[in-house]
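**Student:** Here you go, sequence then predicted model.
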Amino acid sequence: MISVKLERIRELLPDEHTAALVTSGVNRRYLTGFASSAGAVLITKSKALLLLDFRYFEAAQKAVQPPIEVVQVSRLTDDLNRIFLEENIGSVAIEGESVTVSQLKEYQACFVPQVLTDGLSEKLGELRMVKTAAEIEKIITAQRITEHAYTEVLNYLKPGVTERSIAIELEHLIKLYGGERVAFDLICITGENTSLPHGVPGDRVVKDGDFFTFDIGAVYDGYHSDMTRTVAVGHADDDMRKIYDIVLTAHNKAFSAIRAGVPASAVDLAARDHITECGYGEYFGHSTGHGVGLEIHEAPTVSSKSATVLMDGMVITDEPGVYLPGRFGVRIEDMALVKYDGAETLADIPKELIII
């Protein structure tokens, strides 16, 4: 599969005198399978080099497979220039969307070849949107770790505990059950705080009759999971049940709309139109979903303005919500694998309202 990725990048290179330089950590890992805090991947028509300093060289030699060659460097720009001259490279494409202005100026000042900023970021983004079978398995493993931790932490959820204590316990369990780390700062919020889509867990105490929202995920071998569940503590009143049912129906409508060949915007509108028809459109202010993979938020965006057409093998989230300021909010989220004949949920846990 690495060879296929490299060939897709080489399609951008007009001749043997042009190279592609990948410097962002996430795309280096995508192309090589090796994680490091620094380094670069240089791709020409005939070679693929992973350039790393002394700290990573030995580990990379053991982990990285041909056709990628691991090369030790001391000063990256100097070593790149040496390779550029050896390979007669006259222009080099860089990731225009991920380099800083200062990095671009450095490249333009230091590199022998002409620096090109168009095309490489877009090609890498296009490649990463469609997952391989191995990538999907890693995302599923991250999801199962998340589910295991979530199921266990429900035993700790009761009146009198704080949001922060639940978040800490959940992070501990995710790591205990095999997660490298949490996929993002966990959202574990209760009561009125659930009306905050990205609320931060603090010292608020869980009370009887609260909604409690878990927006959580794990990382496994670099790949992320993303799941949201809203549960009730002790009991749920009629308004809480009503909003929950509206969001669940919107979630299911969006899921039913997912299939290869369908615009991502249609998935968003399937959820958004239902919430709007129920009179709560103004309380659903974010997109219905996003891609998940080596990053927790990556292409495609599943919004009403998205121009992306879904493709077989994409992994996207389905996460509509309704947020009533000063009262409560409900969000329900699962990851979906896009297939030609519909969508496959990557979650193995109920979505119906749970009362703890």
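**Tutor:** Yes, it's here. Numbering: from 1, shown residues only.
**Student:** residue contacts, the residue minimising distance to the centre of the chain?
**Tutor:** Centroid-nearest residue in the chain, with Cα atoms, centre = their mean: Ile296, separated by 2.2 Å. By Cβ atoms under 8 Å, 6 or more residues apart in numbering, the contact list for Ile296 reads Ala183, Phe184, Gly217, His224, Asp226. Where C-beta positions appear, they are placed from N, C-alpha and C, glycine not excepted.
**Student:** How is this protein divided into domains?
**Tutor:** As assigned by automatic domain parsing, the chain contains the domains 2-129, 133-345.
**Student:** tell me the most buried of those?
**Tutor:** Counting by mean count of other Cβ atoms under 10 Å, domain 133-345 has the highest mean neighbour count of the domains of the chain, with a mean of 19.
**Student:** can you give me the end-to-end distance of that domain?
**Tutor:** End-to-end distance for domain 133-345, by Cα to Cα, to the nearest Å: 15 Å.
**Student:** mean pLDDT lowest for which of the domains of the chain?
**Tutor:** Lowest mean pLDDT of the domains of the chain: domain 2-129, a mean of 95.
**Student:** all helices for the stretch 1-150 of the chain, in order.
**Tutor:** Here the stretch 1-150 of the chain has its helices, by DSSP state H, counting those that start in this stretch, at 2-10, 25-32, 54-63, 76-86, 101-110, 120-129, 133-153.
**Student:** Report all helices and strands that the fourth one contacts.
**Tutor:** Contacts defined by 3 or more Cβ pairs under 8 Å, 6 or more residues apart in numbering; DSSP states H and E place helix 76-86 against strand 40-43, strand 48-52, helix 101-110.
**Student:** Tell me where the stretch 251-356 of the chain has helices.
**Tutor:** So, for the stretch 251-356 of the chain - with DSSP H, counting those that start in this stretch - the helices run 264-277.
**Student:** Show me the strands in it, by range?
**Tutor:** When secondary structure is read from DSSP state E, counting those that start in this stretch, the stretch 251-356 of the chain shows strands at 289-291, 298-302, 315-318, 321-324, 328-331, 334-339, 342-345.
**Student:** Generate JSON lines for the ones you listed, with distance to Val130 as supplementary columns.
**Tutor:** Listed next are those as JSON lines, based on distance: least, Cβ to Cβ, whole Å:
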{"stretch": "strand 289-291", "distance to Val130": "10"}
{"stretch": "strand 298-302", "distance to Val130": "10"}
{"stretch": "strand 315-318", "distance to Val130": "9"}
{"stretch": "strand 321-324", "distance to Val130": "27"}
{"stretch": "strand 328-331", "distance to Val130": "27"}
{"stretch": "strand 334-339", "distance to Val130": "9"}
{"stretch": "strand 342-345", "distance to Val130": "15"}
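**Student:** just so I know, which of those strands lies nearest Asn88?
**Tutor:** strand 298-302 (34.3 Å; Cβ to Cβ).
**Student:** partners of the closest one in the sheet?
**Tutor:** strand 289-291 (antiparallel) (DSSP bridges).
**Student:** how about the strands of the stretch 101-250 of the chain, start to end?
**Tutor:** 114-116, 181-182, 187-190, 211-216, 218-220, 223-224, 227-232.
**Student:** Ile43 is in contact with Ile83, correct?
**Tutor:** No. Ile83 lies out of contact with Ile43 (Cβ atoms under 8 Å); the separation is 11.5 Å.
**Student:** Overlap in contacts, those two.
**Tutor:** With Cβ under 8 Å, 6+ apart, Ile83 and Ile43 have common neighbours Leu49.
**Student:** of all the helices and strands packed on helix 76-86, which lies closest to Asp318?
**Tutor:** Of all those, the one in closest proximity to Asp318, counting by Cβ to Cβ, is strand 40-43 (33.3 Å).
**Student:** contacts for that closest one?
**Tutor:** By Cβ under 8 Å, 6+ apart, the residues outside strand 40-43 that reach it are 6, 9-10, 13, 19-23, 27-28, 31-32, 48-51, 68, 76, 80, 83.
**Student:** is the spatially closest residue to Lys175 that is not a sequence neighbour in a bridge, and if so with what?
**Tutor:** Leaving aside its chain neighbours, Lys175 sits nearest to Arg181 (7.0 Å; criterion: Cβ to Cβ, 6 or more residues apart in numbering). According to DSSP bridges, the partner residues bridging Arg181 are Val219.
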